[in-house]
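I need the structure of the sequence given here:
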Amino acid sequence: MNIIIAILIFGIIIIVHELGHFLIAKKNGIQVDEFCIGLGPTIIGKQVGETFYSVKLLPFGGACMMGEDEDRPEENAFNNKSVWARMAVIFGGPFFNFILAFVFSVIILANNGIDIPRVLAAYDNQPASEAGIKKGDVIRRINGKKITIGREIDTYLMLHPLSGEEVKVEIERDGKEKTIMVDPNYTAYLFGFSYKQQNTADTKISDVSKDSPFQKAGVKAGDEILSVNGRTVDNGEELGKVMEEEKKEGEAISFVIRRGSEEKTYEIAPKSYKTKTLGIYASDYQKGNAGQILRYSLIEVKYWIETTVASLGQLVTGKMSMKEVSGPVGIVDTVGTMINETSKIGLKEMWLSILYMAVLLSANLGVMNLLPLPALDGGRLVFILIEAVRGKPVDREKEGYIHFAGFVLLMLFMVFVLYNDVI
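Numbering: from 1, shown residues only. Predicted coordinates for the structure are as follows:
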């Protein structure tokens with residue numbers, strides 16, 4: 001089921017991409033030889049005018065064939081149209097991906113609300129609260145980077161890891177803006193275990209870190225925490241809240257833990273770790289009016305475009321490992337995990353999370369296709385720009401060879417990503 005849903009997501013995104021090429025080509029009077037849904041052998045097809053419409057065997061996207069690498073005598077052939085018409089057709093695919101991401105964002109925001117970067121928690125004794133940031137403050141900028149939605153904070157800190165130097169945080173409080181300098185250096189006291197923190201999740205331990213206090217005490221993944229310092233916990237959200245209230249610097253905490261039918265009490269002291277953090281959670285979803293939903297949907301698309309571009313920059317500069325790149329297998333795995341988690345909450349939440357993944361992937365595909373690499377839309381735009389500057393096109397045969405070579409390299413890269421996913 002998860003694989004089928006992932007294929008549907010990919011298929012819709014790619015079909016919309018090809019539809020962008022198709023509609024703008026038709027608008028500019030360019031001949032489209034074939035528009036197909038799926039790939040491989042044709043199952044069913046029909047010739048309508050100059051275009052053959054078909055459905056193919058493999059449900060992986062589609063294609064819009066216009067003879068881009070051919071010199072044809074027909075007036076309506078792709079390469080006989082103006083530079084601007086051809087650029088519009090090539091750009092149409094990625095642009096339609098951005099439109100699709102926008103439409104899905106409107107649906108998501110209309111249901112889930114707008115992600116306001118309002119501080120919902122400034123954790124006690126951590127850098128932000130120590131510097132004076134309070135619950136209810138709205139984060140406007142971090143080190144000059146404008147923050148419009150709450151998730152931008154985590155993304156910014158992921159792409160710009162804290163170095164230990166003071167962080168300039170600009171906030172809005174009671175309608176007034178204020179600048180606060182935060183020292184991110186922090187000593188954390190950790191027990192070395194993880195769990196699901198939703199109020200719909202149980203209190204079972206999902207993982208225990210190697211050489212952590214929990215592992216040394218004999219606690220294992222799958223054990224269930226029943227109480228903390230005598231306070232009963234019924235779900236992951238309660239466990240997190242009680243842990244935060246009961247945790248003291250270096251002091252042991254009493255845990256009642258159940259393994260199978262056996263209950264046992266553990267006295268465990270946390271281990272100190274020096275780290276760098278702001279110590280805030282600022283992502284407050286609230287309902288918006290129609291104008292706000294449309295505006296923030298544009299911001300959502302912008303957010304994913306910027307995140308994709310920044311991540312590519314991290315890869316190029318070596319700040320992000322190629323092992324962090326996901327392909328089809330990794331995406332199917334992520335979609336599956338997301339579906340399994342949200343389906344426990346409700347069918348509506350599951351489908352909204354699927355749409356959220358589609359927004360991410362559609363914006364990602366749009367950006368990736370605009371990269372100036374052979375075989376991609378961005379590569380074709382480069383050749384059209386060269387033609388505009390030179391006043392004549394690059395030899396079509398040579399251009400075709402370059403795009404073919406780019407396609408081969410792209411397939412080799414996909415094999416690497418697939419191998420990386422499986423490993």
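
CA atoms for contacts and neighbours, from now on please.
Will do.

for Val83, see how far away the residue of the chain most remote from its centre is.
Ranking residues of the chain by C-alpha distance from their mean position (CA atoms, centre = their mean) puts Pro73 at the top, at 44.7 Å. Computed with CA to CA, to the nearest Å, the distance linking Pro73 and Val83 is 17 Å.

tell me the contacts of Lys46?
By CA atoms under 8 Å, 6 or more residues apart in numbering, the contact set of Lys46 is 52-54.

one more time with 10 Å, if that's ok
Contacts for Lys46 were tallied using CA atoms under 10 Å, 6 or more residues apart in numbering; they are 34, 52-55.

so which of those residues are in helices?
Among those, no member is found in helices (DSSP state H).

can you lay out these as JSON lines showing distance to Leu371?
Formatted as JSON lines, these follow (distance: CA to CA, whole Å):
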{"residue": "Glu34", "distance to Leu371": "25"}
{"residue": "Phe52", "distance to Leu371": "29"}
{"residue": "Tyr53", "distance to Leu371": "29"}
{"residue": "Ser54", "distance to Leu371": "29"}
{"residue": "Val55", "distance to Leu371": "29"}
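
for these, which one is nearest Ile15?
The shortest gap between Ile15 and any of the contacts of Lys46 belongs to Val55, at 11.6 Å (CA to CA).

the closest one bridge partners, please.
Beta bridges link Val55 to Ile37, Ile44 when assigned by DSSP bridges.

how many neighbouring residues does it have?
Here the neighbour count serves as a burial measure; for Val55 (other CA atoms under 10 Å) it reads 19.

in contact with Gly230, which residues?
Under the contact definition (CA under 10 Å, 6+ apart), the residues listed for Gly230 are 253-256.

following the helix or strand hosting Met243, which helix or strand comes up?
Counting by DSSP states H and E, the element that carries Met243 is helix 236-246. Moving toward the C-terminus from helix 236-246, the first helix or strand encountered (DSSP H and E) is strand 253-259.

pLDDT on that next one, on average?
Across strand 253-259, the average pLDDT comes to 94.

what angle do the helix or strand following that strand and strand 253-259 make?
The helix or strand immediately downstream of strand 253-259 is strand 262-268, counting by DSSP H and E. Relative orientation of strand 262-268 versus strand 253-259 (axes from the mean of the first three to the mean of the last three CA atoms, to 10 degrees): 150 degrees.

contacting residues around strand 262-268?
191, 213-214, 216-219, 223-229, 250-258.

rewinding a little: SS state for the residue farthest from the centre of the chain?
Assigned state for Pro73: coil (three-state reduction, DSSP: H, G, I helix; E, B strand; the rest coil).

and the strands in the stretch 301-423 of the chain?
Taking DSSP state E, counting those that start in this stretch as the criterion, the stretch 301-423 of the chain carries no strands.

how much space between Glu341 and Leu365?
When Glu341 is compared with Leu365 (using CA to CA), they lie 25 Å apart.

which of these two has more neighbours?
Per other CA under 10 Å, whichever of Glu341 and Leu365 has more neighbours is Leu365, with 21 against 16.

so that one sits against Ile14, correct?
Yes. Shown here, Leu365 and Ile14 form a contact pair, counting by CA atoms under 10 Å, at 8.5 Å.

what is in contact with the two at once?
With the criterion set as CA under 10 Å, 6+ apart, the overlap between the contacts of Leu365 and Ile14 is 93-94, 97.

please produce JSON lines containing those, extended by distance to Pro270 and pLDDT.
Putting these into JSON lines (distance: CA to CA, whole Å; pLDDT from 0 to 100) gives the following:
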{"residue": "Gly93", "distance to Pro270": "53", "pLDDT": "94"}
{"residue": "Pro94", "distance to Pro270": "50", "pLDDT": "95"}
{"residue": "Asn97", "distance to Pro270": "48", "pLDDT": "96"}
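
quick revisit: how about the helix holding Met243: buried residues?
By 16 or more other CA atoms under 10 Å, the buried positions in helix 236-246 come out as 236-240, 242-243.

CA atoms of it as PDB?
What follows is helix 236-246, C-alpha atoms only, in PDB (Å, rounded to 0.1, in the frame of the first residue of the first chain):
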ATOM      1  CA  GLY A 236       4.600  10.200  25.100                       C
ATOM      2  CA  GLU A 237       3.500  13.800  25.600                       C
ATOM      3  CA  GLU A 238       3.000  13.300  29.300                       C
ATOM      4  CA  LEU A 239       6.400  11.600  29.600                       C
ATOM      5  CA  GLY A 240       8.200  14.500  28.000                       C
ATOM      6  CA  LYS A 241       6.400  17.100  30.200                       C
ATOM      7  CA  VAL A 242       7.200  15.200  33.400                       C
ATOM      8  CA  MET A 243      10.800  14.500  32.400                       C
ATOM      9  CA  GLU A 244      11.300  18.300  31.800                       C
ATOM     10  CA  GLU A 245       9.800  19.100  35.200                       C
ATOM     11  CA  GLU A 246      11.600  16.500  37.200                       C
END
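
report the inter-axis angle for it versus strand 253-259.
Between helix 236-246 and strand 253-259, the angle comes out at 150 degrees (the same axes, to 10 degrees).

pLDDT (mean, whole number) over helix 236-246?
The average pLDDT for helix 236-246 rounds to 87.

what does it rub up against?
If you take CA under 10 Å, 6+ apart as the criterion, helix 236-246 is touched by 123-124, 195-205, 225-229, 231-233, 252-254.

tell me the buried residues within these.
Using 16+ other CA under 10 Å as the burial test, the contacts of helix 236-246 include 123, 195-197, 201-205, 225-229, 231, 233, 252-254 as buried.

among those residues, which lie within helices?
Among the buried ones among the contacts of helix 236-246, no member is found in helices (DSSP H).

quick check: the residue farthest from the centre of the chain touching Asn80?
Yes. Using CA under 10 Å as the test, Pro73 is close enough to Asn80 to be in contact (8.0 Å).

give me the neighbour count for the closest residue to Ser163 other than its chain neighbours.
Closest residue to Ser163 apart from its sequence neighbours, by CA to CA, 6 or more residues apart in numbering: Lys276 at 7.6 Å. Each residue near Lys276 was counted by other CA under 10 Å, and the total is 19.

just read off the phi/psi values of Lys276.
phi -130, psi 130 (degrees, to the nearest 10).
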